[in-house]
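Engineer: the sequence isn't on hand, but the structure is:
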């Protein structure tokens, strides 16, 4: 998975313009830089444009930023949600695989023969051979490779440290999808699938997982990334029209190498092996999305102890001070997460003003 860095350009400044980074009035020209998280364009003065850039959002880092040991910078906002701890990153990836199994249980299962490793920018450097004297690491978020040992195949997944928790989950889902291809698609068919089509399939799976969790910002981030050359958008459209089962059949038995705009019906052009039944084209023709469950109370399902910590409440990942909505007894309720500790979370019902402590264990 790759991030496309934003381009910036200069334009004449207006009298009332101020820099979105330092807050000082802009004189002369300024730069427009796109926040890769929100998609918003920020005005940046000629001094701030020379500052280090945040690895996550691409904006200049001024006050409160954090420099990682591998040289990357995180701005004050994004450093608050970045997963730095190795064990937490592995736990997040494991939970992403479990969630994939839950969301797509009617269609398939996801490989368990995957070892999860955590890497930094220096490790990324070592994965690529520089050409000439000028070399800059690609913005690799994760990668996976198949390994044969003692006649058995497993996968080595590498995930980059310093990613926001939600983006780390999406990246893990993407890489598990590559493992799914390795386990379910024949070598002959795999060789015929275009590289950008496979990446589009993996991004679609990550998108659908984010959709099931209500992570709208991450969904938009996936759609803004152009490295699949539009294949992720076509896969999402095909899934909505023909169903996830048809996507899986095309990946395994399709006759074309990639999806084409205006010809999504080719997703149904498959050559099934003898004895394998084709999926019903009308069986599931809507986007896979976890049902919204009307529960009688708030449920603390897990705590991810990082910096900052995160909690999973009613299938939603939240951080301290986050506000979210949950269906309780058939009524939508607004909730704020006040505090996260190692075995409990303190929340506030914004509709009633009542505070409540949710415990991880009954003790």
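Structural biologist: Sure thing, it's come through. All figures in this text were calculated on a predicted structure; none of them were measured in a lab.

Engineer: going forward, measure contacts between C-alpha atoms and count neighbours the same way
Structural biologist: Noted.

Engineer: quick one: buried residues of the helix or strand where residue 102 lies?
Structural biologist: If you go by DSSP states H and E, residue 102 is part of helix 86-103. Buried residues in helix 86-103, defined by neighbour count with 16 or more other Cα atoms under 10 Å: 86, 88-90, 92-94, 96-97, 99-101, 103.

Engineer: check stretch 70-88 too.
Structural biologist: Going by 16+ other Cα under 10 Å, stretch 70-88 has these buried residues: 72-75, 78-84, 86, 88.

Engineer: same thing with stretch 233-241?
Structural biologist: Quick answer for stretch 233-241 (16+ other Cα under 10 Å): 233, 234, 235, 236, 237, 238, 239, 241.

Engineer: which element, helix or strand, includes the nearest residue to residue 204 once chain neighbours are set aside?
Structural biologist: Closest residue in space to residue 204, ignoring its immediate chain neighbours: residue 232 at 5.5 Å, by Cα to Cα, 6 or more residues apart in numbering. Using DSSP H and E, residue 232 sits in helix 231-242.

Engineer: so what does that helix touch, helix or strand wise?
Structural biologist: helix 195-212, helix 244-253 (3 or more Cα pairs under 8 Å, 6 or more residues apart in numbering; DSSP states H and E).

Engineer: quick one: that helix to chain centroid distance?
Structural biologist: 18 Å (Cα atoms, centre = their mean, to the nearest Å).

Engineer: against residue 103, how distant is the residue most central in space within the chain?
Structural biologist: Centroid-nearest residue in the chain: residue 170, 2.5 Å away (criterion: Cα atoms, centre = their mean). For residue 170, the distance to residue 103 equals 14 Å [Cα to Cα, to the nearest Å].

Engineer: return every residue with contacts to both of the two.
Structural biologist: Residues touching both residue 170 and residue 103 (Cα atoms under 8 Å, 6 or more residues apart in numbering) are residue 209.

Engineer: and the residue lying closest to residue 230 once chain neighbours are set aside, how far from residue 222?
Structural biologist: Ranked by Cα to Cα, 6+ apart and with sequence neighbours excluded, the top spatial neighbour of residue 230 is residue 200, at 7.6 Å. Counting by Cα to Cα, the separation of residue 200 from residue 222 is 10 Å.

Engineer: between those two, which one's more packed in?
Structural biologist: residue 200 (25 against 21; other Cα atoms under 10 Å).

Engineer: quick one: contacts for the more buried one?
Structural biologist: Going by Cα under 8 Å, 6+ apart, residue 200 touches 228, 230, 231, 232, 233, 235.

Engineer: want to throw these into CSV with pLDDT and distance to residue 178?
Structural biologist: CSV is the format used below for the contacts of residue 200 (pLDDT from 0 to 100; distance: Cα to Cα, whole Å):
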residue, pLDDT, distance to residue 178
228, 90, 14
230, 93, 18
231, 95, 15
232, 95, 14
233, 96, 18
235, 97, 15
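
Engineer: residue 359: which of the residues you listed is nearest?
Structural biologist: Closest approach between those and residue 359, by Cα to Cα: residue 232, at 39.6 Å.

Engineer: tally of neighbours for that closest one?
Structural biologist: For residue 232, using other Cα under 10 Å, the count is 27.

Engineer: that one and residue 223 touch, don't they?
Structural biologist: Yes: under the criterion of Cα atoms under 8 Å, residue 232 makes contact with residue 223 at 7.4 Å.

Engineer: chain center to the helix holding residue 102, what's the gap?
Structural biologist: 12 Å.

Engineer: quick thing: my sequence starts at 47, can you match it?
Structural biologist: Shifting the count to begin at 47 puts that one at helix 132-149.

Engineer: compute the inter-axis angle for that helix and helix 241-258.
Structural biologist: For helix 132-149 against helix 241-258, the angle by axes from the mean of the first three to the mean of the last three Cα atoms, to 10 degrees is 90 degrees.

Engineer: whatever helix or strand comes next after helix 132-149 pairs with which strands, parallel or anti?
Structural biologist: Of the helices and strands lying after helix 132-149 in sequence (DSSP H and E), the nearest is strand 160-165. Partners of strand 160-165 in the sheet, by DSSP bridges, are strand 198-206 (parallel).

Engineer: output the contacting helices and strands for the helix or strand following the partner strand.
Structural biologist: Sequence order places strand 209-210 as the next helix or strand after strand 198-206, per DSSP H and E. Strand 209-210 is packed against strand 128-129, with contacts defined by 3+ Cα pairs under 8 Å, 6+ apart.

Engineer: the strand it packs on: how far from the chain's middle?
Structural biologist: 13 Å.

Engineer: packing partners for that strand?
Structural biologist: strand 209-210, helix 211-230.

Engineer: any stretches of the stretch 147-296 of the chain with poor pLDDT?
Structural biologist: 171-185 (pLDDT under 70).

Engineer: and the helix holding residue 278 with helix 241-258, angle?
Structural biologist: 60 degrees.

Engineer: quick check, residue 378 in a strand?
Structural biologist: Yes: under DSSP: H, G, I helix; E, B strand; the rest coil, residue 378 falls within a strand.

Engineer: quick one, helices of the stretch 47-196 of the chain?
Structural biologist: Here the stretch 47-196 of the chain has its helices, by DSSP state H, counting those that start in this stretch, at 122-125, 132-149, 167-173.

Engineer: before I go, just wanted to say thanks for your time.
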